[in-house]
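Participant: With the input below, show me the fold.
(one chain, ligands or ions: 3)
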Amino acid sequence: MKITNAFRWKENSLQACEIRVKDGMIAEVKAQMGEVSGEEIFDAGGTLVAPGFTDVHIHLREPGAEYKETIASGTRAALKGGFTTVCPMPNTSPVPDTKENMEDLMSRIKKDAVMEVLPYASISLGQNGEILTDMKALKEAGAFAFTDDGVGIQEASFMKKAMQNAALLGMSIVAHCEDNGLAGSGVVHEGEVSERLGLPGIPSSAESVHIARDAILAGETGCHYHVCHVSSASSVRVIREAKNAGINITAEVTPHHLLLNESDIHKDDAMYKMNPPLRSEEDRQALIQGLEEGTIDFIATDHAPHSEDEKQQSMRKAPFGITGLETAFPLLYTTFVKNGHWTTGQLTEWLTAKPRKVFSMSQRTLEHGQPATLTFVDLHTEEEIDRHRFLSKGKNTPFHGVKVSGIPKCTMIEGHIAWEGWNK
Ligand SMILES: NC(=O)N[C@@H](CC(=O)O)C(=O)O
Ligand SMILES: [Zn+2]
Ligand SMILES: [Zn+2]
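Facilitator: Ligands and ions are numbered 1, 2, ... in the order given. Just a heads-up that it's a prediction; the model follows:
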(Lines give C-alpha, C1' and ligand atoms only; values in the text may rest on other atoms or scores of the structure.)
(Ligands and ions follow the chains in the order given, each with its own letter.)
Protein backbone atom coordinates (compact mmCIF):
# COMPACT_ATOMS: atom_id res chain seq x y z
CA MET A 1 0.00 0.00 0.00
CA LYS A 2 1.10 3.53 -0.70
CA ILE A 3 -0.19 6.34 1.52
CA THR A 4 -0.32 9.61 -0.37
CA ASN A 5 -1.32 13.18 0.43
CA ALA A 6 -0.23 13.17 4.08
CA PHE A 7 1.86 15.52 6.19
CA ARG A 8 4.36 14.54 8.86
CA TRP A 9 6.01 16.57 11.58
CA LYS A 10 9.68 16.73 10.70
CA GLU A 11 12.48 19.16 11.49
CA ASN A 12 10.08 21.46 13.28
CA SER A 13 7.52 21.80 10.50
CA LEU A 14 4.74 20.00 8.69
CA GLN A 15 6.12 18.37 5.55
CA ALA A 16 4.29 16.57 2.77
CA CYS A 17 5.00 12.85 2.76
CA GLU A 18 4.17 9.49 1.27
CA ILE A 19 4.51 6.19 3.06
CA ARG A 20 4.89 2.73 1.61
CA VAL A 21 3.44 -0.03 3.76
CA LYS A 22 4.43 -3.67 3.28
CA ASP A 23 3.18 -6.57 5.41
CA GLY A 24 1.88 -4.17 8.05
CA MET A 25 5.21 -2.40 8.38
CA ILE A 26 6.50 0.95 7.18
CA ALA A 27 8.81 0.18 4.26
CA GLU A 28 9.61 3.71 3.14
CA VAL A 29 8.78 7.32 4.01
CA LYS A 30 9.58 10.09 1.56
CA ALA A 31 8.31 13.43 0.33
CA GLN A 32 7.32 11.64 -2.87
CA MET A 33 7.89 8.19 -4.24
CA GLY A 34 7.32 6.30 -7.46
CA GLU A 35 4.39 3.99 -7.98
CA VAL A 36 4.56 0.22 -8.02
CA SER A 37 2.06 -1.15 -10.54
CA GLY A 38 -1.06 -2.65 -8.99
CA GLU A 39 -0.27 -1.06 -5.63
CA GLU A 40 -3.21 -0.04 -3.43
CA ILE A 41 -3.34 3.73 -2.84
CA PHE A 42 -4.60 5.24 0.40
CA ASP A 43 -5.31 8.95 -0.01
CA ALA A 44 -4.83 10.57 3.41
CA GLY A 45 -6.68 13.68 2.28
CA GLY A 46 -4.07 16.17 3.44
CA THR A 47 -4.11 14.97 7.05
CA LEU A 48 -1.30 14.85 9.59
CA VAL A 49 0.08 11.32 9.89
CA ALA A 50 1.61 10.36 13.23
CA PRO A 51 2.39 7.15 15.08
CA GLY A 52 -0.76 6.01 16.93
CA PHE A 53 -1.13 7.65 20.35
CA THR A 54 -0.54 5.84 23.64
CA ASP A 55 -2.72 6.49 26.71
CA VAL A 56 -1.38 4.87 29.86
CA HIS A 57 -4.33 5.92 32.03
CA ILE A 58 -7.88 4.91 31.08
CA HIS A 59 -10.79 3.07 32.67
CA LEU A 60 -12.53 0.32 30.69
CA ARG A 61 -14.88 -0.83 33.49
CA GLU A 62 -14.83 -4.48 32.39
CA PRO A 63 -15.32 -6.73 34.27
CA GLY A 64 -18.02 -5.52 36.63
CA ALA A 65 -19.45 -2.28 35.28
CA GLU A 66 -20.12 -3.03 31.63
CA TYR A 67 -23.01 -0.57 31.63
CA LYS A 68 -20.41 2.22 31.86
CA GLU A 69 -17.91 0.82 29.33
CA THR A 70 -16.63 -2.46 27.96
CA ILE A 71 -13.31 -3.48 26.50
CA ALA A 72 -15.04 -3.44 23.09
CA SER A 73 -16.64 0.01 23.44
CA GLY A 74 -13.70 1.65 25.20
CA THR A 75 -11.10 0.49 22.70
CA ARG A 76 -13.30 1.63 19.81
CA ALA A 77 -13.54 5.04 21.46
CA ALA A 78 -9.75 5.01 21.81
CA LEU A 79 -9.28 4.26 18.12
CA LYS A 80 -11.60 7.12 17.23
CA GLY A 81 -9.47 9.39 19.38
CA GLY A 82 -6.33 8.35 17.51
CA PHE A 83 -4.98 6.01 20.20
CA THR A 84 -3.54 2.61 19.33
CA THR A 85 -2.22 1.57 22.76
CA VAL A 86 -4.15 1.96 26.03
CA CYS A 87 -3.53 0.86 29.60
CA PRO A 88 -6.67 0.23 31.65
CA MET A 89 -6.72 0.80 35.39
CA PRO A 90 -7.56 -2.05 37.80
CA ASN A 91 -10.49 -0.49 39.70
CA THR A 92 -12.86 -3.08 38.24
CA SER A 93 -14.87 -5.83 39.85
CA PRO A 94 -13.17 -8.14 40.42
CA VAL A 95 -9.86 -6.31 40.60
CA PRO A 96 -7.00 -7.89 38.63
CA ASP A 97 -5.25 -8.74 41.89
CA THR A 98 -4.57 -12.46 41.43
CA LYS A 99 -3.09 -14.58 38.66
CA GLU A 100 -6.57 -15.98 37.89
CA ASN A 101 -8.25 -12.57 37.67
CA MET A 102 -5.40 -11.23 35.55
CA GLU A 103 -5.62 -14.20 33.20
CA ASP A 104 -9.38 -13.70 32.88
CA LEU A 105 -8.80 -10.03 32.02
CA MET A 106 -6.13 -10.93 29.47
CA SER A 107 -8.47 -13.37 27.74
CA ARG A 108 -11.27 -10.77 27.61
CA ILE A 109 -8.81 -8.32 26.07
CA LYS A 110 -7.67 -10.89 23.55
CA LYS A 111 -11.28 -11.52 22.58
CA ASP A 112 -12.68 -7.96 22.44
CA ALA A 113 -9.94 -5.36 22.17
CA VAL A 114 -9.41 -3.74 18.78
CA MET A 115 -5.94 -2.50 19.63
CA GLU A 116 -3.00 -3.04 21.98
CA VAL A 117 -4.32 -3.08 25.56
CA LEU A 118 -1.80 -3.37 28.39
CA PRO A 119 -3.63 -3.70 31.71
CA TYR A 120 -2.44 -2.71 35.15
CA ALA A 121 -2.64 -5.06 38.09
CA SER A 122 -3.39 -3.75 41.56
CA ILE A 123 -0.89 -3.13 44.34
CA SER A 124 -3.20 -4.43 47.06
CA LEU A 125 -5.81 -7.19 47.16
CA GLY A 126 -9.17 -5.70 46.23
CA GLN A 127 -7.42 -2.30 46.24
CA ASN A 128 -8.03 -2.27 49.98
CA GLY A 129 -4.55 -0.95 50.81
CA GLU A 130 -3.93 -3.74 53.31
CA ILE A 131 -2.54 -6.88 51.70
CA LEU A 132 0.03 -6.79 48.90
CA THR A 133 -0.69 -8.71 45.71
CA ASP A 134 1.66 -11.37 44.37
CA MET A 135 3.44 -9.03 41.99
CA LYS A 136 5.64 -11.72 40.50
CA ALA A 137 2.66 -13.86 39.51
CA LEU A 138 0.83 -10.81 38.17
CA LYS A 139 3.83 -9.73 36.15
CA GLU A 140 4.03 -13.22 34.64
CA ALA A 141 0.30 -13.07 33.84
CA GLY A 142 0.88 -9.89 31.83
CA ALA A 143 0.57 -6.89 34.18
CA PHE A 144 1.84 -3.65 32.62
CA ALA A 145 2.62 -2.03 36.01
CA PHE A 146 1.06 -1.79 39.48
CA THR A 147 -1.43 0.76 40.75
CA ASP A 148 -4.42 1.13 43.05
CA ASP A 149 -5.79 3.99 40.95
CA GLY A 150 -9.14 5.21 42.21
CA VAL A 151 -7.85 5.28 45.77
CA GLY A 152 -4.71 6.51 47.45
CA ILE A 153 -2.46 4.20 49.47
CA GLN A 154 -2.81 5.54 52.98
CA GLU A 155 0.00 3.73 54.83
CA ALA A 156 3.55 4.89 54.07
CA SER A 157 5.03 1.56 55.21
CA PHE A 158 2.67 -0.29 52.85
CA MET A 159 3.74 1.87 49.93
CA LYS A 160 7.38 1.29 50.80
CA LYS A 161 6.92 -2.49 50.76
CA ALA A 162 5.08 -2.27 47.41
CA MET A 163 7.95 -0.24 45.96
CA GLN A 164 10.55 -2.70 47.26
CA ASN A 165 8.71 -5.60 45.65
CA ALA A 166 8.13 -3.76 42.37
CA ALA A 167 11.77 -2.64 42.20
CA LEU A 168 12.95 -6.25 42.55
CA LEU A 169 10.81 -7.16 39.54
CA GLY A 170 11.84 -4.09 37.53
CA MET A 171 8.22 -2.91 37.51
CA SER A 172 6.73 0.56 38.05
CA ILE A 173 4.48 1.78 40.84
CA VAL A 174 1.82 4.15 39.51
CA ALA A 175 0.06 6.21 42.12
CA HIS A 176 -3.26 7.91 42.62
CA CYS A 177 -2.14 10.37 45.27
CA GLU A 178 -4.84 11.15 47.77
CA ASP A 179 -4.66 11.37 51.54
CA ASN A 180 -8.12 10.38 52.73
CA GLY A 181 -7.92 12.39 55.92
CA LEU A 182 -7.13 15.59 54.03
CA ALA A 183 -9.55 14.92 51.16
CA GLY A 184 -12.40 14.07 53.54
CA SER A 185 -15.75 14.01 51.78
CA GLY A 186 -14.71 16.76 49.35
CA VAL A 187 -16.15 16.88 45.86
CA VAL A 188 -14.52 20.01 44.37
CA HIS A 189 -11.29 21.94 44.96
CA GLU A 190 -11.06 23.53 48.37
CA GLY A 191 -10.93 27.24 47.64
CA GLU A 192 -12.95 29.69 45.57
CA VAL A 193 -15.30 27.04 44.11
CA SER A 194 -16.08 25.14 47.30
CA GLU A 195 -16.97 28.42 49.01
CA ARG A 196 -19.02 29.78 46.11
CA LEU A 197 -21.08 26.60 45.68
CA GLY A 198 -21.16 25.59 49.34
CA LEU A 199 -19.72 22.17 48.55
CA PRO A 200 -17.10 20.27 50.57
CA GLY A 201 -13.58 20.87 49.26
CA ILE A 202 -10.47 18.77 48.59
CA PRO A 203 -7.28 20.72 49.35
CA SER A 204 -4.27 20.49 47.03
CA SER A 205 -2.30 19.08 49.95
CA ALA A 206 -4.42 15.89 49.80
CA GLU A 207 -2.43 15.16 46.62
CA SER A 208 0.95 16.80 47.19
CA VAL A 209 1.49 15.30 50.66
CA HIS A 210 1.32 11.81 49.14
CA ILE A 211 3.67 12.74 46.32
CA ALA A 212 6.24 14.12 48.79
CA ARG A 213 5.99 10.99 50.95
CA ASP A 214 6.26 8.64 47.97
CA ALA A 215 9.11 10.55 46.34
CA ILE A 216 11.18 9.96 49.47
CA LEU A 217 10.21 6.26 49.46
CA ALA A 218 11.06 5.96 45.77
CA GLY A 219 14.47 7.44 46.53
CA GLU A 220 14.95 4.95 49.33
CA THR A 221 13.82 1.88 47.37
CA GLY A 222 15.08 2.80 43.89
CA CYS A 223 11.67 2.01 42.46
CA HIS A 224 10.34 3.79 39.35
CA TYR A 225 7.43 5.79 40.72
CA HIS A 226 4.88 7.45 38.44
CA VAL A 227 2.30 10.00 39.59
CA CYS A 228 -1.18 9.89 38.05
CA HIS A 229 -3.20 12.99 37.05
CA VAL A 230 -1.17 15.75 38.74
CA SER A 231 -3.48 18.66 39.48
CA SER A 232 -1.79 21.28 41.64
CA ALA A 233 1.10 23.74 41.75
CA SER A 234 2.35 22.27 45.03
CA SER A 235 2.53 18.82 43.43
CA VAL A 236 4.49 20.17 40.47
CA ARG A 237 6.91 21.79 42.92
CA VAL A 238 7.43 18.53 44.82
CA ILE A 239 8.00 16.54 41.62
CA ARG A 240 10.46 19.14 40.33
CA GLU A 241 12.47 18.96 43.55
CA ALA A 242 12.41 15.16 43.55
CA LYS A 243 13.64 15.04 39.96
CA ASN A 244 16.40 17.49 40.81
CA ALA A 245 17.41 15.19 43.66
CA GLY A 246 17.83 12.34 41.16
CA ILE A 247 14.77 10.36 42.27
CA ASN A 248 13.22 8.08 39.62
CA ILE A 249 9.88 9.88 39.55
CA THR A 250 7.68 10.64 36.54
CA ALA A 251 4.26 12.22 36.19
CA GLU A 252 1.29 12.72 33.89
CA VAL A 253 -1.34 15.44 33.52
CA THR A 254 -4.82 15.13 32.01
CA PRO A 255 -6.25 17.30 29.23
CA HIS A 256 -8.98 18.60 31.55
CA HIS A 257 -6.54 19.84 34.17
CA LEU A 258 -4.63 21.66 31.41
CA LEU A 259 -7.80 23.16 29.95
CA LEU A 260 -10.16 23.98 32.81
CA ASN A 261 -10.05 25.48 36.27
CA GLU A 262 -12.45 25.86 39.18
CA SER A 263 -14.06 28.97 37.72
CA ASP A 264 -15.42 26.86 34.84
CA ILE A 265 -17.75 25.22 37.39
CA HIS A 266 -20.79 27.51 37.40
CA LYS A 267 -23.15 25.34 39.36
CA ASP A 268 -23.50 21.96 41.05
CA ASP A 269 -22.88 19.99 37.82
CA ALA A 270 -21.34 16.52 38.05
CA MET A 271 -19.95 16.80 34.50
CA TYR A 272 -17.26 18.85 36.24
CA LYS A 273 -16.67 16.35 39.02
CA MET A 274 -13.45 14.45 38.72
CA ASN A 275 -10.68 13.24 40.98
CA PRO A 276 -8.46 15.13 41.47
CA PRO A 277 -10.74 18.16 41.09
CA LEU A 278 -10.29 21.15 38.79
CA ARG A 279 -8.17 23.58 40.77
CA SER A 280 -7.24 27.27 40.54
CA GLU A 281 -5.92 29.13 37.50
CA GLU A 282 -2.56 29.35 39.24
CA ASP A 283 -2.52 25.55 39.52
CA ARG A 284 -3.45 25.17 35.86
CA GLN A 285 -0.62 27.49 34.81
CA ALA A 286 1.82 25.49 36.96
CA LEU A 287 0.71 22.27 35.20
CA ILE A 288 1.27 23.82 31.77
CA GLN A 289 4.69 25.07 32.82
CA GLY A 290 5.52 21.73 34.45
CA LEU A 291 4.71 19.91 31.23
CA GLU A 292 6.64 22.34 29.07
CA GLU A 293 9.76 22.16 31.24
CA GLY A 294 9.62 18.34 31.57
CA THR A 295 8.71 18.14 35.27
CA ILE A 296 5.50 16.51 34.06
CA ASP A 297 6.47 13.92 31.48
CA PHE A 298 3.38 13.46 29.34
CA ILE A 299 -0.40 13.64 28.94
CA ALA A 300 -2.86 10.83 29.80
CA THR A 301 -6.63 11.17 29.59
CA ASP A 302 -7.86 9.34 32.73
CA HIS A 303 -10.88 8.43 30.55
CA ALA A 304 -13.48 7.65 33.24
CA PRO A 305 -16.87 6.76 31.75
CA HIS A 306 -20.00 6.79 33.92
CA SER A 307 -23.72 6.44 33.13
CA GLU A 308 -26.09 9.33 32.50
CA ASP A 309 -28.08 8.52 35.63
CA GLU A 310 -24.99 8.54 37.81
CA LYS A 311 -23.79 11.86 36.46
CA GLN A 312 -27.18 13.55 36.69
CA GLN A 313 -26.95 13.49 40.45
CA SER A 314 -25.61 16.31 42.60
CA MET A 315 -21.83 16.64 42.85
CA ARG A 316 -22.20 15.43 46.42
CA LYS A 317 -23.38 12.03 45.19
CA ALA A 318 -22.21 11.48 41.60
CA PRO A 319 -19.08 9.43 40.91
CA PHE A 320 -15.81 11.21 40.06
CA GLY A 321 -14.60 11.18 36.46
CA ILE A 322 -15.07 12.32 32.87
CA THR A 323 -14.43 10.69 29.50
CA GLY A 324 -11.39 11.74 27.53
CA LEU A 325 -10.37 9.45 24.69
CA GLU A 326 -12.45 11.04 21.94
CA THR A 327 -11.78 14.65 22.86
CA ALA A 328 -8.14 14.76 24.00
CA PHE A 329 -6.31 15.51 20.78
CA PRO A 330 -8.82 18.00 19.30
CA LEU A 331 -9.13 19.97 22.54
CA LEU A 332 -5.38 20.19 23.13
CA TYR A 333 -4.63 20.92 19.49
CA THR A 334 -7.25 23.66 19.33
CA THR A 335 -6.25 25.34 22.59
CA PHE A 336 -2.49 24.99 22.63
CA VAL A 337 -1.23 24.29 19.10
CA LYS A 338 -3.46 26.47 16.93
CA ASN A 339 -2.46 29.57 18.86
CA GLY A 340 1.21 28.71 18.46
CA HIS A 341 1.81 27.97 22.14
CA TRP A 342 2.95 24.41 21.43
CA THR A 343 4.04 22.74 18.22
CA THR A 344 2.26 19.76 16.70
CA GLY A 345 5.47 17.86 17.43
CA GLN A 346 5.35 18.64 21.15
CA LEU A 347 1.74 17.55 21.46
CA THR A 348 2.26 14.26 19.61
CA GLU A 349 5.39 13.55 21.70
CA TRP A 350 3.41 14.00 24.91
CA LEU A 351 0.84 11.56 23.55
CA THR A 352 3.21 8.91 22.21
CA ALA A 353 6.99 9.09 22.51
CA LYS A 354 7.14 10.34 26.11
CA PRO A 355 4.72 7.88 27.76
CA ARG A 356 6.33 5.03 25.84
CA LYS A 357 9.78 6.10 27.01
CA VAL A 358 8.72 6.42 30.65
CA PHE A 359 7.34 2.87 30.61
CA SER A 360 10.14 1.43 28.44
CA MET A 361 7.77 0.49 25.63
CA SER A 362 9.10 0.12 22.07
CA GLN A 363 9.29 3.51 20.40
CA ARG A 364 6.93 4.35 17.56
CA THR A 365 8.30 6.52 14.78
CA LEU A 366 7.55 7.11 11.12
CA GLU A 367 10.49 5.11 9.90
CA HIS A 368 11.34 2.03 7.90
CA GLY A 369 10.87 -1.12 9.98
CA GLN A 370 8.23 0.34 12.31
CA PRO A 371 4.68 -1.05 12.40
CA ALA A 372 2.27 0.94 10.21
CA THR A 373 0.23 1.75 13.30
CA LEU A 374 -0.79 5.26 12.42
CA THR A 375 -3.21 8.05 13.17
CA PHE A 376 -4.44 10.50 10.54
CA VAL A 377 -5.60 13.85 11.88
CA ASP A 378 -7.53 16.56 10.03
CA LEU A 379 -5.91 19.76 11.32
CA HIS A 380 -8.23 22.19 9.56
CA THR A 381 -11.94 21.30 9.58
CA GLU A 382 -13.80 22.68 12.56
CA GLU A 383 -16.43 20.56 14.33
CA GLU A 384 -18.46 20.72 17.48
CA ILE A 385 -17.88 18.08 20.15
CA ASP A 386 -21.10 16.08 20.36
CA ARG A 387 -21.16 13.73 23.33
CA HIS A 388 -24.08 11.82 21.84
CA ARG A 389 -21.82 10.69 19.02
CA PHE A 390 -19.10 9.26 21.25
CA LEU A 391 -18.30 5.59 20.65
CA SER A 392 -17.64 5.37 24.38
CA LYS A 393 -20.64 4.35 26.45
CA GLY A 394 -19.68 7.25 28.72
CA LYS A 395 -21.17 10.51 27.49
CA ASN A 396 -19.95 12.38 30.57
CA THR A 397 -17.91 15.31 29.34
CA PRO A 398 -17.88 19.01 30.22
CA PHE A 399 -16.75 19.74 26.64
CA HIS A 400 -20.05 19.08 24.83
CA GLY A 401 -20.63 21.77 22.20
CA VAL A 402 -17.04 23.05 22.17
CA LYS A 403 -15.75 23.88 18.67
CA VAL A 404 -12.52 22.07 17.84
CA SER A 405 -10.23 21.18 14.98
CA GLY A 406 -7.46 18.59 14.93
CA ILE A 407 -9.88 15.72 14.56
CA PRO A 408 -8.57 12.17 14.12
CA LYS A 409 -10.10 10.81 10.91
CA CYS A 410 -8.55 7.40 10.53
CA THR A 411 -6.55 4.96 12.61
CA MET A 412 -4.47 2.21 11.08
CA ILE A 413 -3.09 -0.79 12.91
CA GLU A 414 -0.26 -2.66 11.22
CA GLY A 415 -1.38 -1.47 7.80
CA HIS A 416 -5.09 -2.25 8.28
CA ILE A 417 -7.65 0.51 8.59
CA ALA A 418 -9.05 -0.10 12.08
CA TRP A 419 -11.34 2.92 12.16
CA GLU A 420 -12.23 5.70 9.75
CA GLY A 421 -14.56 8.61 10.18
CA TRP A 422 -14.28 10.64 7.00
CA ASN A 423 -17.39 12.85 6.66
CA LYS A 424 -18.86 11.46 9.84
N1 LIG B 1 -10.47 10.13 37.91
C2 LIG B 1 -11.70 9.98 38.31
O3 LIG B 1 -12.35 10.98 38.61
N4 LIG B 1 -12.28 8.77 38.39
C5 LIG B 1 -11.68 7.51 38.16
C6 LIG B 1 -10.81 7.05 39.26
C7 LIG B 1 -9.45 7.70 39.29
O8 LIG B 1 -8.81 7.89 38.26
O9 LIG B 1 -8.96 8.02 40.37
C10 LIG B 1 -12.77 6.47 37.91
O11 LIG B 1 -12.49 5.28 37.96
O12 LIG B 1 -13.90 6.87 37.62
ZN1 LIG C 1 -6.93 8.28 40.06
ZN1 LIG D 1 -7.97 6.99 36.77
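
Participant: I'd like the distance between residue 422 and ligand 1.
Facilitator: Going from residue 422 to ligand 1 by Cβ to the nearest ligand atom, to the nearest Å gives 32 Å. C-beta here means a position set from N, CA and C on the backbone, and glycine is covered the same way.

Participant: show me the contacts for that residue.
Facilitator: By Cβ atoms under 8 Å, 6 or more residues apart in numbering, the residues touching residue 422 are 45, 409, 410.

Participant: Kindly report the same for residue 167.
Facilitator: So residue 167 contacts 221, 222, 223, 224 (Cβ under 8 Å, 6+ apart).

Participant: Of the contacts of residue 422, grab the buried ones for PyMOL.
Facilitator: Buried residues among the contacts of residue 422 (16 or more other Cβ atoms under 10 Å), as a PyMOL selection:
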select buried, resi 409+410
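
Participant: Restricted to helices, list the contacts of residue 167.
Facilitator: residue 221 (DSSP state H).

Participant: Could you give me the ChimeraX selection string for whichever of the contacts of residue 167 are buried?
Facilitator: Only the buried entries of the contacts of residue 167 go into this ChimeraX selection, using 16+ other Cβ under 10 Å:
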select :221,223,224
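
Participant: Reformat the contacts of residue 167 as a markdown table; add pLDDT.
Facilitator: Listed next are the contacts of residue 167 as a markdown table, based on pLDDT from 0 to 100:
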| residue | pLDDT |
| --- | --- |
| 221 | 98 |
| 222 | 98 |
| 223 | 98 |
| 224 | 98 |
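
Participant: excluding its backbone neighbours, what's nearest residue 70?
Facilitator: residue 62 (4.8 Å; Cβ to Cβ, 6 or more residues apart in numbering).

Participant: ok, and that neighbour, which helix or strand is that part of?
Facilitator: Per DSSP states H and E: residue 62 is located in neither a helix nor a strand.

Participant: So it versus residue 381, what's the distance?
Facilitator: 33 Å (Cβ to Cβ, to the nearest Å).

Participant: can you check residue 114 too?
Facilitator: 25 Å.

Participant: These two: which is more packed in?
Facilitator: Neighbour count, other Cβ atoms under 10 Å: between residue 114 and residue 381, residue 114 has more, with 17 against 12.

Participant: Tell me which stretches of the stretch 301-424 of the chain form strands.
Facilitator: Here the stretch 301-424 of the chain has its strands, by DSSP state E, counting those that start in this stretch, at 374-378, 383-384, 403-404, 407-413, 416-420.

Participant: Distance to ligand 3 for those - can I get that in TSV?
Facilitator: Converted to TSV, those look like this (distance: least, Cβ to the ion, whole Å):
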stretch	distance to ligand 3
strand 374-378	23
strand 383-384	27
strand 403-404	23
strand 407-413	22
strand 416-420	24
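
Participant: Adding mean pLDDT and distance to residue 306, write these out as CSV.
Facilitator: Formatted as CSV, these follow (pLDDT from 0 to 100; distance: least, Cβ to Cβ, whole Å):
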stretch, mean pLDDT, distance to residue 306
strand 374-378, 98, 26
strand 383-384, 98, 22
strand 403-404, 98, 22
strand 407-413, 98, 23
strand 416-420, 98, 24
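
Participant: now those strands as TSV including distance to residue 36?
Facilitator: Converted to TSV, those look like this (distance: least, Cβ to Cβ, whole Å):
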stretch	distance to residue 36
strand 374-378	20
strand 383-384	36
strand 403-404	38
strand 407-413	19
strand 416-420	19
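
Participant: Now render those as TSV, adding distance to ligand 1.
Facilitator: Below are the strands of the stretch 301-424 of the chain laid out as TSV (distance: least, Cβ to the nearest ligand atom, whole Å):
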stretch	distance to ligand 1
strand 374-378	24
strand 383-384	25
strand 403-404	22
strand 407-413	23
strand 416-420	24
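
Participant: Spatially central residue for the protein, please.
Facilitator: For the chain, the residue lying nearest the average C-alpha position, counting by Cα atoms, centre = their mean, turns out to be residue 300 (2.4 Å).

Participant: Kind regards, and thank you for your time.
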